[in-house]
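[1] Fold the following.
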Amino acid sequence: MKELSTAELAEIVAAWAGTDPSARRERGRRGYQWAIGATSDQWRRFNALLLEQTPQARVAADLLLSVLFSAAEATLWTDESAREIYLTSDAGAALRRTMLFQWASRADEACLSEFCQLIVAAPPASSDDGAAVIAPLLQSRDSRVVQLFPALLDGLRHVSIAAPILDLANFLYREQLVATHPAAGREKEFAQLLTGITQRLSRLEERPEEVDRELGAVVRDSSALAVALCHTLSLLGAKEQVGCLYQALELSHRRIRVEAAAALAKLGESSGEDVLVQMAAEPVVRLFAIAFAEELDLLDRIPDEHRDDGARAEAELSLWLAQPAQFGFPPSRVEQLDHRTLYWPGYDEPVDCFLIRFGYQFDQDEFAAIGLAGPTTYAFAADLSDLPFDDLYAAFAGRDAEHEEIYEVRYESADEGQRREAMKLVAKLRSSGYEDVAPRIWGFFFGERTLTVTATKAGLSAVAVADSGEIFSRQPGAGNRPLGPEEVYCVYKGRKLLRSFNES
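    All right, here's what the predicted structure looks like:
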């Protein structure tokens, strides 16, 4: 197939909104091939054509443009056209995130200068994007990153990037990449800012029913900034500003409380030590409390029940559940169900595995489920509570399994040959008494062809996995979160893997 010209690619971008989804994959692939081989002149020409397009067209092609610019050659990032593309892009565009990430990742003086100017002048719309684009700088020990300060501190007026900027300044100081903290001399300003955030959060804690989704995002951003400010004040040795830390300690927000307690302890306030030890009882902040206690030589003050391996596993799952991509807040209860040391997919040595039951209380109802911590941290949305422990471990192991000889496709996407093979397994299921057989997942497992179906047997609903040698079946359960084909197929895979790895 003939390579795309620059003008042809620009036309693809302009027409992306009206492109049939089936054609997008191929055109996107051809566009990416153009991007990885394009010269500086070709990129400048493409950018010029892109700037002539309507904002609506560029928004519609945002993800395509993000992929294209992720492959751009190094010289593009110091070209004026790249700056113009960035500044004229939508504030929430994936393209902006990609471009800032590229400027930050290259870490030469010119790119860092562009990064600093643009992120301060036109920051990402969301705090998630703000954290993502600053992340490469937090993983670098390149001394040139220091040149971002003090100019980058001007970005503190933008809530989407304020916390990551302070995190970066703190990182440079902790890692001794700078002799003086980049924010030195601004202690009073930071104390005032923390006081304002604390007062606002305190008012919201008094009226939680007023916190909708939009305000919830503001609370999350404010909380992240409060945490960063507490840490910054401790590194700056701001003993004269402990009043604002004591105010933060009065909040119910556990992450802020543990950070304020640690800051107070580092500044010589014994009450901070006491609160820090107490906070180890809270699973969602337990790992932070333990880390600070170890740093402050307070670890022996924390009871064993809050710092043994099981307690840390409860903390890992609680912290995972509290992430915005999961529940967004910690569970109201966690309880260790079982602990085993197993050989696990992806690990060369046995690892400690913990099954943990957790629950969320909603008015008169409770959402309860079971998660795993140890080799992985995860919880299925389906209700696994009726499964025996062996099957629970298997479900998580099957989900973790990655190998070139393990793959599956939704049955509706299976090709003709796979469907012919599937019909043989359907016949096997029917001859074993299964009725109403509906194929759901076609799989390949180390040479074994598998078919996962929903069906009935003896009048009861079932989810079954058939291969040439066996039929593995589980009832989905009667609740509103029944086991589905994906979960049962994970159990099937995990049982085989764990039995193979742990033959004894």
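
[2] going forward, measure contacts between C-alpha atoms and count neighbours the same way
    Will do.

[3] Counting neighbours, what do you get for G459?
    Other residues near G459 number 9, with proximity taken as other CA atoms under 10 Å.

[4] what's the spacing between the spatially most central residue of the chain and E52?
    Nearest to the geometric centre of the chain sits A325, at 6.6 Å (CA atoms, centre = their mean). Separation of A325 from E52 (CA to CA, to the nearest Å) stands at 37 Å.

[5] For the stretch 351-500 of the chain, which segments are assigned as strands?
    351-362, 365-373, 378-379, 406-410, 434-445, 448-457, 460-466, 471-474 (DSSP state E, counting those that start in this stretch).

[6] Could you pull out the buried residues of the last one?
    Meaning strand 471-474. The neighbour-count check on strand 471-474 (16 or more other CA atoms under 10 Å) flags I471, S473, R474 as buried.

[7] Outline the domain layout of this protein.
    The chain breaks down by automatic domain parsing into domains covering 185-307, 317-379, 406-501.

[8] Which of those sits closest to G155?
    Nearest of the domains of the chain to G155, taken as CA to CA: domain 185-307 at 12.6 Å.

[9] gap between the two ends of the closest one?
    38 Å.

[10] coming back round to it: let's have the domains of the chain in TSV, adding distance to L177 and mean pLDDT.
    Shown next, in TSV, are those (distance: least, CA to CA, whole Å; pLDDT from 0 to 100):
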stretch	distance to L177	mean pLDDT
domain 185-307	14	93
domain 317-379	30	94
domain 406-501	45	95
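
[11] got CSV for these, with distance to L95 too?
    CSV is the format used below for the domains of the chain (distance: least, CA to CA, whole Å):
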stretch, distance to L95
domain 185-307, 22
domain 317-379, 21
domain 406-501, 31
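
[12] L156: which of those is closest?
    In terms of CA to CA, the element of the domains of the chain nearest to L156 is domain 185-307, at 9.5 Å.

[13] ok, R96 touching Y86?
    Yes: in this structure, R96 is within contact of Y86 by CA atoms under 8 Å, at 5.9 Å.

[14] Those two: who's more crowded?
    Higher neighbour count among R96 and Y86: R96, with 28 against 19, using other CA under 10 Å.

[15] Name all residues that make contact with the more buried one.
    Shown in contact with R96 (CA atoms under 8 Å, 6 or more residues apart in numbering): S66, Y86, S89, D90, P124.

[16] Sitting in helices, which of these do you find?
    Counting by DSSP state H, the contacts of R96 place S66, Y86 in helices.

[17] most surrounded residue in the contacts of R96?
    Compared across these, P124 has the highest neighbour count, 27 neighbours, by other CA under 10 Å.

[18] hang on, the earlier thing: using the three-state scheme, assign the residue nearest to the centre of the chain.
    Of the three states, A325 takes coil under DSSP: H, G, I helix; E, B strand; the rest coil.

[19] Just read off the phi/psi values of it.
    Phi and psi for A325, reported as degrees, to the nearest 10, are phi -70, psi -10.

[20] how far away is it from A395?
    According to CA to CA, A325 stands 21 Å off from A395.

[21] So which residues of the stretch 201-350 of the chain form strands?
    Using DSSP E, counting those that start in this stretch, strands in the stretch 201-350 of the chain cover 333-342.

[22] could you pull out the helices for it?
    In the stretch 201-350 of the chain, the helices defined using DSSP state H, counting those that start in this stretch lie at 213-235, 242-249, 254-266, 270-279, 283-295, 309-321.

[23] Pull the contacting residues for R257.
    Counting by CA under 8 Å, 6+ apart, R257 touches A248, L249, E250, L251.

[24] Skipping its backbone neighbours, what lies nearest the first one in space?
    Just to be clear, that refers to A248. T198 (5.7 Å; CA to CA, 6 or more residues apart in numbering).

[25] For S222, which non-adjacent residue is spatially closest?
    S222 sits nearest to I197 (CA to CA, 6+ apart), 6.5 Å away.

[26] Surely W34 and A10 touch.
    No: counting by CA under 8 Å, A10 is not a contact partner of W34; they are 11.3 Å apart.

[27] Just give me the neighbour total for the nearest residue to G477 once chain neighbours are set aside.
    Distances taken as CA to CA, 6+ apart place L483 nearest to G477, at 6.6 Å, with adjacent residues excluded. As a burial measure, L483 scores 23 neighbours (other CA under 10 Å).
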